[in-house]
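Enquirer: quick one, structure for this:
(chains A and B)
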Amino acid sequence: EAAVTQSPRSKVAVTGGKVTLSCHQTNNHDYMYWYRQDTGHGLRLIHYSYVADSTEKGDIPDGYKASRPSQENFSLILELASLSQTAVYFCASSAAVQDTQYFGPGTRLLVL
Amino acid sequence: GQQVQQSPSSLVLQEGENAELQCNFSSTATQLQWFYQSPGGSLVSLLSNPSGTKHTGRLTSTTVTKERRSSLHISSSQTTDSGTYLCAIAPSNAKLTFGKGTKLSVKS
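Expert: The predicted structure follows:
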């Protein structure tokens, strides 16, 4: 079974502060993704990566940076957190473009 | 951009009844996946079905690519099937676009 873990599982941040969400996969997958889920919007892709040291913009990248230091690790960085970034964030991985994506448990982020 | 419409938005069944969930999408999809999100929030892939019919357990998915629609049939529903079912599509790249889901409640 594919394994994707996320940390922290929940976080409260202050507006204007820096937040880093981490994702680790043990699947030996090349592709990793960050999504956010909001009520009424469903899941939306923020950033993704298909190789270490390279990231790509998804559909809603504004206000977010991503970092892929190794095949196993993928981070999402909010340099200046805003109220509108309160959401649940999911990380996922897949072996290839058309393959099934395996999701982590999610991180609940509350920005006050 | 791509759009994915799921219907119904919610569905309530008695245990043992069958469910039919619909997914319509606005552009050609080479990848189509159905996901289940538990009431606790965890997401798991149910099956990948970009075209044709696929079965797994009590689930059957039928995708008609030319008509840009897919369905997920759940037979003999159980209370443990309760949750949200998400449809997601992608063209030839990795960028999945998700629908807003169908929330299923199965009563005993």
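
Enquirer: and B:Ala94, what pLDDT?
Expert: On the pLDDT scale, B:Ala94 is placed at 60.

Enquirer: repeat for A:His41
Expert: 77.

Enquirer: what is the neighbour count of it?
Expert: By other Cβ atoms under 10 Å in any protein chain shown, the residues close to A:His41 number 12. All C-beta atoms are positioned from the backbone trio N, CA, C, and that covers glycine.

Enquirer: contacting residues around it?
Expert: B:Lys100 (Cβ atoms under 8 Å, 6 or more residues apart in numbering or on different chains).

Enquirer: ditto for A:Arg9
Expert: A:Pro105, A:Gly106, A:Thr107, A:Arg108.

Enquirer: let's see that with 7 Å instead.
Expert: For A:Arg9, the contact set (Cβ atoms under 7 Å, 6 or more residues apart in numbering or on different chains) comprises A:Pro105, A:Thr107.

Enquirer: what does the one 4 residues further on give?
Expert: Contacts were defined as Cβ under 7 Å, 6+ apart; by that measure A:Ala13 touches A:Val19, A:Ala81, A:Leu109, A:Val111.

Enquirer: same for the longest strand seen in chain A, what does it pack against?
Expert: Secondary structure of chain A per DSSP state E: the longest strand is strand A:42-51. Identification of packing neighbours for strand A:42-51 by 3 or more Cβ pairs under 7 Å, 6 or more residues apart in numbering or on different chains; DSSP states H and E yields strand A:31-38, strand A:54-57, strand A:73-78.

Enquirer: swap in 6 Å and give it another go.
Expert: Where contact means 3 or more Cβ pairs under 6 Å, 6 or more residues apart in numbering or on different chains; DSSP states H and E, strand A:42-51 is packed against strand A:31-38, strand A:54-57.

Enquirer: need these in TSV with mean pLDDT, can you?
Expert: TSV is the format used below for these (pLDDT from 0 to 100):
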stretch	mean pLDDT
strand A:31-38	95
strand A:54-57	95
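
Enquirer: closest to chain B out of those?
Expert: Nearest to chain B among the helices and strands packed on strand A:42-51 is strand A:31-38; the distance by Cβ to the nearest Cβ comes to 5.9 Å.

Enquirer: could you list the buried residues of the closest one?
Expert: Buried residues in strand A:31-38, counted by 16 or more other Cβ atoms under 10 Å in any protein chain shown: A:Tyr31, A:Met32, A:Tyr33, A:Trp34, A:Tyr35, A:Arg36, A:Gln37.
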